[in-house]
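Asks: Only the shape, not the letters, is given here:
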């Protein structure tokens with residue numbers, strides 16, 4: 001099977017990886033990550049192909065903190081089996097079928113991947129951080145219906161990017177907002193900072209014209225200064241010290 005045949009049967013983006021090996025990508029994304037769901041299709045000869053995710057879905061979930069155990073593994077296996085797909089002990093979703101049936105089995109593969117992704121998403125959901133909840137209350141109070149929660153955009157990488165807030169959605173003044181809290185000792189988590197840099201950069205590189213704003217909880221002076229320097233090239237930075245009026249003024253100025 002070549003990419004023309006795969007695209008004709010599946011209708012998705014396809015690229016050759018090696019002789020007899022293709023990677024087909026769907027427009028559907030993992031709910032917990034934003035990664036577009038795809039699979040490798042290997043020509044086995046004799047009119048057969050093998051469809052596999054190379055264990056990417058389970059591995060990606062684990063990088064987000066998913067803990068695997070026998071109960072969860074059985075749940076994933078049951079989901080795969082109900083879609084007519086196999087799941088190996090190593091977490092690989094796969095199926096072997098006739099080349100002429102690859103469209104049918106790829107659709108079932110996507111079905112299984114989406115359902116497993118939803119289970120992973122539910123397992124990874126954590127309560128909104130206290131600082132984010134505080135910011136949400138201030139924004140709702142000061143901006144009313146102009147502010148929306150849980151905004152999703154597509155980055156240059158093709159990943160879906162999740163932002164806790166968006167202001168003036170759908171207008172030329174649209175602003176995506178990320179809140180970063182200061183933890184123990186008033187020092188922000190650098191993992192969150194680097195993650196925000198990547199997310200905001202991916203949005204910018206996609207040509208998105210949204211204004212990008214980060215609300216950083218005030219804390220240790222030296223660390224906050226370092227965080228501000230790291231974030232400044234990718235977004236406008238607002239230091240929130242608990243003064244709601246100052247936050248409102250700063251957001252209006254950034255808009």
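Replies: That came through, no problem. As the structure is a computational prediction, the values presented were derived from the model and not from experiment.
Asks: Run a quick check on residue 177 versus residue 163, I expect a contact.
Replies: Yes - with contact defined as CB atoms under 8 Å, residue 177 reaches residue 163; the gap is 6.5 Å. Where C-beta positions appear, they are placed from N, C-alpha and C, glycine not excepted.
Asks: Can you classify residue 94 by secondary structure?
Replies: Judged by DSSP: H, G, I helix; E, B strand; the rest coil, the three-state class of residue 94 is strand.
Asks: Next, work out how far apart it and residue 108 are.
Replies: 12 Å (CB to CB, to the nearest Å).
Asks: So for the two, which residues contact both of them?
Replies: Counting by CB atoms under 8 Å, 6 or more residues apart in numbering, the contacts common to residue 94 and residue 108 are residue 85.
Asks: what helix or strand is the closest residue to residue 151 other than its chain neighbours on?
Replies: Leaving aside its sequence neighbours, residue 151 sits nearest to residue 166 (CB to CB, 6 or more residues apart in numbering; 3.6 Å). Here residue 166, judged by DSSP states H and E, is contained in strand 160-167.
Asks: Would you mind listing the buried residues in that strand?
Replies: 160, 161, 163, 164, 165, 166, 167 (16 or more other CB atoms under 10 Å).
Asks: Could you point out which of the residues you listed is nearest to residue 119?
Replies: residue 160 (17.9 Å; CB to CB).
Asks: tell me the contacts of that closest one?
Replies: Taking CB under 8 Å, 6+ apart, one finds 29, 34, 152, 153, 154 in contact with residue 160.
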